[in-house]
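> Mind looking at a prediction? Sequence and model below.
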Amino acid sequence: MEERLFEKHRFYLAIAQSLIIIGLIWLAFILNHVFMLNWNDFGVRPRELSGLVGIFTLPFLHADYEHLFSNSLPLFFLLFGLFYFFRNKAFLILLMHYLISGILTWVIASSGVHIGASGMVYAQAFFLVTISILKMEEHLMAYTLIIIFLYGSIVWGFFPSLFPDKFISWEGHLAGAITGVILAFFYRNEGPQKKEYVWEEEDLEDVEGLEDIDRL
């Protein structure tokens, strides 16, 4: 009974934490859009000192509602997976995704202003996929398979030429993916562990005693 209550609390807490983060991203967008604050100018400007601030603002800036919504839904499911399966280290892992993917974007991206939470989406997705393969824990793998089924198409985000009518920061996607894979190896001992089954050896005397028993 207590275990069931704990799991229920863990489930709803992960939902609440994910919604709070998504809510902050939406709040930043609405304030920027309604009051015309031009915060998008503070996105990542690669290899420019003035663009370093974008490392911290990047996930909170979006071009329009379509851009925001396309990132919000997958990010919610990915955040839920992170908070549910890695609750003890979730905020630290999230912070590392946030900072490292932003720094890598600043280092490798092409010139211009890069905005959006897609780097975080790729970081979370590649983290969960990689660490589920490393750990081979059944519940984590099952959730990751659902994520792959729903959002496996994000791999096309590495090929901006497929979307000539859109400005896609494939470098930000790549930065997020690299971050997720690296951190998956670093945190592979955290979170749920694969069950190990130990088979006890039968006592030799018991085995010998079975020799006289007729087998059906």
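Received the coordinates, thanks. Numbering: from 1, shown residues only.
> show me the contacts for the spatially most central residue of the chain.
Against the mean C-alpha coordinate of the chain, by Cα atoms, centre = their mean, the closest residue is Gln124 at 1.5 Å. By Cβ atoms under 8 Å, 6 or more residues apart in numbering, Gln124 lies in contact with 75, 78-79, 81-82, 97, 176, 180. Just so you know, the C-beta spots here come from the backbone N, C-alpha and C atoms, and that holds for glycine as well.
> in this protein, which spans are helices?
Ranges of helices in the chain, per DSSP state H, are 2-34, 54-57, 65-85, 90-108, 118-135, 138-151, 170-186, 204-209.
> What residues sit buried inside the second one?
Of the residues in helix 54-57, those buried by neighbour count under the rule 16 or more other Cβ atoms under 10 Å are 54-55, 57.
> tell me which helix or strand of this protein sits lowest on mean pLDDT?
None of the helices or strands of the chain scores lower by mean pLDDT, DSSP states H and E than helix 204-209, at a mean of 51.
> Where does pLDDT dip in this protein?
165, 196-216 (pLDDT under 70).
> ok, 50 please
Applying pLDDT under 50 to the chain flags residues 204, 210, 213-216.
> Compare the contacts of Gln124 and tell me which has the most neighbours.
Neighbour tally across the contacts of Gln124 (other Cβ atoms under 10 Å): the maximum, 30 neighbours, falls on Gly176.
> residues in contact with that one?
Gly176 touches 97, 101, 118-124, 126, counting by Cβ under 8 Å, 6+ apart.
> again, but for Met141
132-133.
> quick one on the thing from earlier: what's the farthest-apart pair in the contacts of Gln124?
The most widely separated members of the contacts of Gln124, counting by Cβ to Cβ, are Gly81 and Gly176 (15.3 Å).
> quick one, what contacts Ile21?
75, 79, 94.
> can I get those residues in a markdown table with distance to Glu190?
Shown next, in a markdown table, are the contacts of Ile21 (distance: Cβ to Cβ, whole Å):
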| residue | distance to Glu190 |
| --- | --- |
| Leu75 | 21 |
| Leu79 | 16 |
| Leu94 | 13 |
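> what's the closest of these to Tyr151?
Leu75 (10.0 Å).
> How about residues contacting stretch 181-191?
85-86, 88-89, 93, 96-97, 100, 123, 126-131, 134-135, 137, 140.
> try stretch 40-48
32, 51, 53-55, 57-58, 61, 63, 102, 105-115, 171-172.
> Which positions within that stretch qualify as buried?
40, 42-46.
> if we can go back for a sec, derive a PyMOL selection command for the buried subset of the contacts of stretch 181-191.
Entered in PyMOL, the line below selects the buried ones among the contacts of stretch 181-191, by 16+ other Cβ under 10 Å:
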select buried, resi 85+86+93+96+97+100+123+126+127+128+129+130+131+135+137+140
